[in-house]
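Colleague: Pasted the sequence and its predicted model underneath.
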Amino acid sequence: MGIRMLRASLAVLATILLVGVLSVLIVESRAVREDYYAEHADRMRAIETSKNDLTAIMQVAQSAYEDGRPVSASTELAFSRLTENNALLQRADERLRGNTTVDTHLSTYDTELSGFVRDGQAFTARQNAFADALRTLQEESPDVVKDLRRDNLRLESQNAFSLAIEVIEFATGGGSGDGRQLKQRIEQLGSSTAARTQAPGTLDAFINAANAVIEQKAAAGLALQKISSSRIVEHLWALSDEILNDNRRTVSRAERAGLLLAVCTVLLLIGAGYAMFRLQTSYRELNRSNRELESINNSLEERVTDRTQELSAAYDDLKESQVQLVQAEKMSSLGELVAGISHEINTPLWYLISNSTVLQERMEQVGEFCDIAEDMIAGVKSQTGVKEAISRGLMGMQRMLKDGMKDDIDEAKDLIQDSIEGLEELTELAQSLKDFSRLDRARYGEFNVNDGLDKTLLIAKNKLKDKVSVHKHYGDLPTIHCSPSQINQIFLNLLTNAADAIEESGDIVIRTIAEEGKVRISFADTGSGISPDAMSKIRDPFFTTKDVGKGTGLGLSIVDQIVTSHGGELLIESELDKGTTVTIVLPVAAAMPAAEADEAEAVEKVSEEAAANDPDSDAESSLEMIDNDDGRDDVPEVATV
């Protein structure tokens, strides 16, 4: 009797203990609310958007400052999104605020963001004032130079023209002048006695605009330094990591509780089965348990199917994101080169404007000379006062010749020759850009590696010319079958990386060699080199050795993908503080991917059907081919940078 009571008591205690454990596990497994994941996703989305906006603001600010242009209106939208996303983050629930580390990071980020927005808006105001001053100088300087020449102040007009060019190049980062020296030269120009005497007030607007450009650039530079030195991105990363850690801890705790609950449930079922076996509750209970287990199994299969579909959709989204990242890297490189090409175009245009102004003045003198000759001819035809007309005309011609008319005509010839050379330079650049872009029309086709290198060097000329000497050692190469636009992107990425690795000045050596069924292209620079630790990660996506905001970490990863897709090989050799050599080995006949082959076949079939339905299409296609061939034959040879 006593043993039975003891067993009954132990059974009751075990049941109570089991029920208590199960209750605790049920509460713990439901610690994550249904809306928790949506709130967490919103917070992480806000953090990711804020990271992108901060990076974009810094890049836009740096680009606007270097180019001397106003800050784009998208920056204000970025500031607005940062404020809205910060408000969402600051509305964290009490559970998350209970995490002291998260609360501290939220407060720190809120403070840093307020300062960053304030400094960013201050930079926008300074930069816009700087851009307005630069635009005013560009508009005023030609008129000032023209007025000074009209007043026979040639030295002052030359100084003003030279000073305008140097100030504009200083403002856009293309020159090597110093702001203090430029202000001294501006002051010397303003103190010219001849200018104040013969053309009072002519230089005032020009001097004010030039001084404003230098002063506003300095002010904008200080404002840019403030936002560039901000550690807000570091704080945002720390906040993101801590929120992720908190989420992992919360979800892990609920998952552990669910797992233990499942274990306890299994143990409870085993105990119930054992009890039912001992109580001989026969096959009905067993059949019911089997039906329950079958239902659970069916539900599990449905969940596995749903999860598989979700993973498949996530994989498709990941592939699409990778395509977008590659496109973003390409557009970033092209955007940087377009800014440099704009600078290359500006200098010849300035010479053309100045030369045209001087030629206009010289034509007025030639016109006066022609008027004198016409008066002489009219006097001779009228046969009255011939001697006086000829004498007066000859004296007028002698006076104009003494005033330097012949020198002015010689100068006009030189100016015309300079203008022709400037136009040829612009034509060469435009033609190279046209050919460079035309390669994008065909995904796979025949490609001349040496020509592609020359055109890429011409487009990247502005980025290389101030600090890099390029040495070309081209071999006799066969044309290769490839995607020309992708190979040009490889050249552009490698040249940009090599130039960025050279801090002050250095050399880039480009070699091309034909091998058996392959071509080898190498880029060797005398830059800072790559450390052994970084060499193992250099091909990884998003890994970069550049400062924050100056690189996406996709350049070499994209190069590696393109080379691999063409059946080639990418070799990288580097020695720290001595330089890096990147070698690309490409097959002469790369196999076209199956998808692109099917697409090309479909396009060809559609073209044939269109040609059969439209007899005029052949003529139009032929004309277009002739136009393309003419443009390609006129491309000039690219000289060493």
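Modeller: Thanks, I have the structure now.

Colleague: Domain map for the chain?
Modeller: 131-217, 337-430, 443-633 (automatic domain parsing).

Colleague: Highest mean neighbour count out of those?
Modeller: domain 131-217 (a mean of 18; mean count of other CB atoms under 10 Å). Backbone N, C-alpha and C define where each C-beta goes, glycine included.

Colleague: Can you get me the start-to-end distance on that one?
Modeller: 9 Å (CA to CA, to the nearest Å).

Colleague: ok, back up a step: out of the domains of the chain, which comes closest to Thr49?
Modeller: domain 443-633 (16.7 Å; CB to CB).

Colleague: picking up where we left off before, looking at the domains of the chain, which is closest to Leu17?
Modeller: Closest of the domains of the chain to Leu17 is domain 443-633, at 51.8 Å (criterion: CB to CB).

Colleague: same for the helix or strand Lys455 falls within, what does it pack against?
Modeller: Per DSSP states H and E, Lys455 falls inside helix 449-459. Helices and strands touching helix 449-459, by 3 or more CB pairs under 8 Å, 6 or more residues apart in numbering; DSSP states H and E, are helix 405-438, strand 468-473, helix 484-501, strand 506-515, strand 518-525.

Colleague: Figure out which of these is closest to Leu106.
Modeller: helix 484-501 (36.0 Å).

Colleague: thinking in terms of the whole chain, how far from its middle is that closest one?
Modeller: Per CA atoms, centre = their mean, to the nearest Å, the displacement of helix 484-501 from the mean C-alpha position of its chain is 13 Å.

Colleague: and the angle for it with helix 449-459?
Modeller: 50 degrees (axes from the mean of the first three to the mean of the last three CA atoms, to 10 degrees).

Colleague: Counting by contacts, list what helix 484-501 packs against.
Modeller: Using 3+ CB pairs under 8 Å, 6+ apart, helix 484-501 is in contact with helix 282-382, strand 445-447, helix 449-459, helix 461-464, strand 506-515, strand 518-525, helix 555-565, strand 579-587.

Colleague: what's the closest of the ones you listed to Arg118?
Modeller: Of the helices and strands packed on helix 484-501, the one closest to Arg118 (CB to CB) turns out to be helix 282-382, at 27.7 Å.

Colleague: following the closest one, which helix or strand comes up?
Modeller: helix 386-402.

Colleague: how about the CA coordinates for that next one, as PDB?
Modeller: Listed next in PDB are the C-alpha coordinates belonging to helix 386-402 (Å, rounded to 0.1, in the frame of the first residue of the first chain):
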ATOM      1  CA  VAL A 386      42.700 110.300-109.000                       C
ATOM      2  CA  LYS A 387      45.900 111.500-107.600                       C
ATOM      3  CA  GLU A 388      44.300 112.600-104.300                       C
ATOM      4  CA  ALA A 389      42.300 109.400-104.000                       C
ATOM      5  CA  ILE A 390      45.400 107.200-104.600                       C
ATOM      6  CA  SER A 391      47.500 109.300-102.300                       C
ATOM      7  CA  ARG A 392      44.900 109.200 -99.500                       C
ATOM      8  CA  GLY A 393      44.400 105.500-100.000                       C
ATOM      9  CA  LEU A 394      48.100 104.700 -99.900                       C
ATOM     10  CA  MET A 395      48.600 106.800 -96.800                       C
ATOM     11  CA  GLY A 396      45.700 105.000 -95.100                       C
ATOM     12  CA  MET A 397      47.300 101.600 -96.100                       C
ATOM     13  CA  GLN A 398      50.700 102.700 -94.900                       C
ATOM     14  CA  ARG A 399      49.200 103.800 -91.600                       C
ATOM     15  CA  MET A 400      47.500 100.400 -91.200                       C
ATOM     16  CA  LEU A 401      50.700  98.500 -92.100                       C
ATOM     17  CA  LYS A 402      52.700 100.600 -89.600                       C
END
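
Colleague: for that helix, packing partners?
Modeller: Using 3+ CB pairs under 8 Å, 6+ apart: helix 386-402 touches helix 282-382.

Colleague: what residues does stretch 499-509 touch?
Modeller: 460, 463-464, 467-471, 473, 495, 498, 522-529, 546, 550-551, 579-580 (CB atoms under 8 Å, 6 or more residues apart in numbering).

Colleague: meant to ask about stretch 568-578
Modeller: 518, 526, 528-532, 535, 538-539, 556, 559-560, 563-564, 580-587, 590.

Colleague: What is the distance between that stretch and the centre of its chain?
Modeller: Worked out by CA atoms, centre = their mean, stretch 568-578 lies 24 Å from the chain centre.

Colleague: What residues of stretch 116-132 count as buried?
Modeller: 116-117, 119-124, 126-131 (16 or more other CB atoms under 10 Å).

Colleague: Nearest to Gly452 among those?
Modeller: The closest of the buried residues of stretch 116-132, once distances to Gly452 are taken by CB to CB, is Ala131, at 35.8 Å.
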